[in-house]
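Enquirer: Need coordinates for the below:
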Amino acid sequence: MKKIASLFALASSFASPFLHADAPAQKEKPPFRIIYNNDTTNILSSVSAFNKDGKGFTTEKIIASVNETADCGGVDVLMMASGMGWDPWWQSKALPMKAHTDWQLKRKGQNPNAYQKYILDGNDLVDTFAAQAHKRGQVVFATYRMNDGHHYFGNARIEDPEQRATRMAITQFFDENPQFRLGEEADPDSRTKYALDFVHPEVRAYRMQFIKELAQKDIDGIELDFMRFWMLFHPFRTTSGQRADIVTDFVKEVRAEIDEHAKPGQRRYLCLRIPAYRDVMDKIGIDPARLATEAGVDMFNVSSSGYSNLQNEAALIKKMLPENVAVYTEQVYASAKQNYKVPVGQTKEGKHFIYEPGTAPADAKISWIFRRTTDQALITAAHMAYARGVDGLSFFNFQYYRSTRNETDAHGGNFEPPYYLFKLLRDPDYVKKQDQYYFLGHAHNEPARDGRPFQNVFVSETPQTQWLDMAPPEGGWNKDGRLRIQSIDDLTNTEWSVSINGVELVPNADVSEPYKNPYDTALGTPKNYKAFTVPVKLLKDGLNEITVILKNGKPTPLFYLDIALSASK
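Expert: As a prediction, this is how the structure comes out:
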């Protein structure tokens, strides 16, 4: 019961002097239920009906990307990521694209990429995106990445220091100011030492100049993405209060810019994409109550980074805030990753595949393999959000159901994203009547915290305990369900015990997929599963404790657990 007790303690720790704060009378709660994030890079990287060849970033492809979400219906807010937050993909005065690409060529010998060429040709990604979204009757936000680290995550392990610095040189400001980086011991992941430290006013000013330009665009709101990436401060050189003061003041300035450039009578929104856990928020200066009441934040997008996650604390965060502030729980194309990388390849037709053991060539690439989030999982996530008072759902990296042209990036088949679900997921009355599919998945421990599922290999007779918040469908749970555990390894010669709320479950021979699942990535074969019957009388409307024990067998990793429960119909 330790996990459950600690969670209730966490909930009580959310008490805040702003819990019952009166909201400004002129501000009503944002009316949105479904938010969709378009990261823009997918327009070229993924195979789609409007991008079969992957060549050329054009206005026509941007318009088609907007149209595919407008056509499906159900989306209230269309968010556009204007690049990684480093070189602006608009006509910027703060950092003109010509000046940036000239520096890039001189420093790295790198010619402009397709997105940069689009700007150099006189185009503006933000304007094009916003104009088409408005034409289709959609609310449009620009989402700005506060401290994206793709440039160093991929290059930090290069041994040669000069080559490493060259590869990481994303902009002149980053390249020429190493004194503004976090440095050693900022995070368990040593690569984060290259992230910029927001304790420095110069770093904040560098970011703010771009946000001010976005605030002058014909958009309806701005999202500040504090999850791309999550490291903003060195934890040992700042206090909790200092971090919260810096971020709150920064966001307050953004609020002022958004309001200053609003059209007469226009309501413009400020949204923050924040971590799903309170203990992680403190590390990056996020205090939702202060940000709502002092900095004028309208919306919080609660993110588990690159995965759908039913253990997020969106409902607890919602309880911290004034009634006119909306909270959304983020869903992603992936719900789990396998426990270790495997050799992968790609056919000449572009189809991804995994090498059979012992058949990979010495130079084969290796990749994580991600289990896809199913329709029933998304329906259950929506049901849990509404059942716990959360205002809606957001969708991040949703385009990568299509995978990409790179076999190590979102490895898997090319499937169309389930856009048809948006109209259904926005309806609480619909989702509460549907069959349920709860899940726990192994994921990157980013941001780093204790207690994430399946981070440790199972060893004999050593229990690992997790929890799931569950709410019965309309009419209640009336039929026993089924729980499965899954490993990347063969479970044939292993024996397992699984308990729910202290009661051991009986094994079940049926390890098949409980619902339709078109996504064959990371499904494995029957030998990768064990299954158990779940008597519904064991389940609680609330937190349910799940304990898994390897009873017999060699040390074995798990990367997925699911529970399927039928609704009364």
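
Enquirer: Pull up the pairing partners for the top strand by length along the chain, direction included.
Expert: Longest strand of the chain, by residue count under DSSP state E: strand 542-552. With DSSP bridges as the test, strand 542-552 is paired with strand 464-470 (antiparallel), strand 495-500 (antiparallel).

Enquirer: For residue 433, find the nearest of these.
Expert: With CB to CB, the closest approach to residue 433 among the strands paired with strand 542-552 belongs to strand 464-470: 15.9 Å. Bear in mind the C-beta positions are built from the backbone N, C-alpha and C, glycine included.

Enquirer: Let me know the next secondary structure element after that closest one.
Expert: Going down the chain from strand 464-470, the next helix or strand is strand 481-486, by DSSP states H and E.

Enquirer: hey, C-alpha coordinates of that next one in CSV?
Expert: Only the C-alpha atoms of strand 481-486 are listed here, as CSV (Å, rounded to 0.1, in the frame of the first residue of the first chain):
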residue,chain,number,x,y,z
GLY,A,481,-12.1,-8.7,-17.0
ARG,A,482,-8.7,-9.8,-18.2
LEU,A,483,-5.2,-8.5,-17.3
ARG,A,484,-2.2,-9.2,-19.4
ILE,A,485,1.5,-8.5,-18.8
GLN,A,486,3.9,-8.3,-21.8
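
Enquirer: Which other helices and strands does that strand contact?
Expert: strand 495-500, strand 529-534, strand 560-565 (3 or more CB pairs under 8 Å, 6 or more residues apart in numbering; DSSP states H and E).

Enquirer: now, of these, which is deepest in the fold?
Expert: Across the helices and strands packed on strand 481-486, averaging neighbours per residue (mean count of other CB atoms under 10 Å) puts strand 560-565 on top, at a mean of 23.

Enquirer: The protein - how does it break down into domains?
Expert: According to automatic domain parsing, the chain comprises the domains 31-296, 437-565.

Enquirer: mind putting those domains in JSON lines, mean pLDDT included?
Expert: Formatted as JSON lines, these follow (pLDDT from 0 to 100):
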{"stretch": "domain 31-296", "mean pLDDT": "93"}
{"stretch": "domain 437-565", "mean pLDDT": "96"}
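
Enquirer: between the helices and strands packed on strand 481-486, which one is nearest to residue 246?
Expert: In terms of CB to CB, the element of the helices and strands packed on strand 481-486 nearest to residue 246 is strand 560-565, at 38.6 Å.

Enquirer: What strands line up against that closest one, and which way round?
Expert: Strand 560-565 has the following strand partners under DSSP bridges: strand 436-441 (antiparallel), strand 481-486 (antiparallel).

Enquirer: so can I have TSV of those strands showing mean neighbour count?
Expert: Listed next are the strands paired with strand 560-565 as TSV, based on neighbours: other CB atoms under 10 Å:
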stretch	mean neighbour count
strand 436-441	25
strand 481-486	23
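
Enquirer: Same list (the ones you listed) but as JSON lines, adding distance to residue 46.
Expert: Shown next, in JSON lines, are the strands paired with strand 560-565 (distance: least, CB to CB, whole Å):
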{"stretch": "strand 436-441", "distance to residue 46": "22"}
{"stretch": "strand 481-486", "distance to residue 46": "26"}
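
Enquirer: And residue 55, how close does it get to residue 508?
Expert: As judged by CB to CB, to the nearest Å, residue 55 and residue 508 stand 50 Å apart.

Enquirer: Compare these two and say which one has the larger neighbour count.
Expert: residue 508 (16 against 9; other CB atoms under 10 Å).

Enquirer: what sits against the more buried one?
Expert: Going by CB atoms under 8 Å, 6 or more residues apart in numbering, residue 508 touches 482, 531-533.

Enquirer: quick one: the residue sitting nearest the centre point of the chain and residue 451, what's the gap?
Expert: With distances taken as CA atoms, centre = their mean, residue 305 lies nearest the centre of the chain, 3.2 Å away. With distances taken as CB to CB, residue 305 is found 15 Å from residue 451.

Enquirer: cool, and residue 273?
Expert: 22 Å.

Enquirer: any idea how far the closest residue to residue 518 other than its chain neighbours is from residue 178?
Expert: Closest residue to residue 518 apart from its sequence neighbours, by CB to CB, 6 or more residues apart in numbering: residue 415 at 6.3 Å. Here residue 415 is placed at a distance of 42 Å from residue 178 (CB to CB).

Enquirer: got the contact list for residue 57?
Expert: 43-44, 114-115, 117-118.

Enquirer: hmm, I was thinking of residue 93
Expert: Taking CB under 8 Å, 6+ apart as the criterion, residue 93 is in contact with residue 213.

Enquirer: for stretch 514-525, the distance to its chain's centre please.
Expert: How far stretch 514-525 lies from its chain's middle: 21 Å, per CA atoms, centre = their mean, to the nearest Å.

Enquirer: from the chain's centre, how far out does the lengthiest helix in the chain sit?
Expert: The residue-count maximum for a helix in the chain (DSSP state H) belongs to helix 240-260. Mean-position distance between helix 240-260 and its chain equals 23 Å (CA atoms, centre = their mean).

Enquirer: Can you tell me which helices and strands it packs against?
Expert: Against helix 240-260 (3+ CB pairs under 8 Å, 6+ apart) you get helix 201-215, strand 221-225, strand 269-275, helix 278-283, helix 288-293.
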